[in-house]
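Enquirer: Need the 3D shape of this:
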Amino acid sequence: MGDDGHKIDGNFRFVVEPTASATAHVAAQDDKPVLLTGMELDAAKAVLQFHKALKDGDKATVKRLLADNVIIFEGGGVERSEAEYEQHHMSADMAYLKEMSVKTLEHHVTVSGSSAVSLSRSKVNGTYKGKIVDREGMETITLQKQDDAWLITHIHWSN
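Expert: So this is what the prediction gives:
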């Protein structure tokens, strides 16, 4: 049983080493700290490029940063490849993000060999299809270094 009361099956282990990179504390507009670690890493730069490409509607860059066999969890569903994401939700995600203001609350990136993990929280505000949006989103991204490039192998988005 985990500390939060959820049952842990099997031999699962996930470790994020908080000392793997420097920590910067930046005062947010509402006087709460914004925590950023590992932003100088190339894996972090790939994640930030991915975010920018989604917001800018740059499909070519999004596709370049996603591994062919990426697995994306979003809204209770799963997409099992870059091609499936492109066919199903990529355009909708781009249209949505184009209308939103996204403020990073916290973002941590760590690298271990040819693997990396990005964990972030963001505040999302705006109006989309006539509905006011005001929510906090969470994102987990895993990356693998392949041929000197960081590719996104998994994304989990939740509200």
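
Enquirer: Report the buried residues of stretch 84-95.
Expert: Across stretch 84-95, burial judged by 16 or more other C-beta atoms under 10 Å covers 85, 89-90, 93-94. From N, CA and C alone the C-beta is placed, and that goes for glycine too.

Enquirer: so where's this protein shaky on pLDDT?
Expert: Low-confidence segments of the chain (pLDDT under 70): 1-34.

Enquirer: re earlier: looking at the buried residues of stretch 84-95, spot the one nearest Asp56.
Expert: Met94 (8.1 Å; C-beta to C-beta).

Enquirer: Which elements pack onto the helix or strand hosting Arg64?
Expert: Applying DSSP states H and E as the criterion places Arg64 in helix 59-65. When contacts are defined as 3 or more C-beta pairs under 8 Å, 6 or more residues apart in numbering; DSSP states H and E, helix 59-65 sits against helix 42-56, helix 82-88, helix 90-98, strand 149-158.

Enquirer: what about that helix, distance to the chain center?
Expert: The chain centroid and the centroid of helix 59-65 are separated by 15 Å under C-alpha atoms, centre = their mean, to the nearest Å.

Enquirer: hmm, who's touching that helix?
Expert: 46, 49-50, 52-54, 82, 86, 90, 94, 150-152 (C-beta atoms under 8 Å, 6 or more residues apart in numbering).
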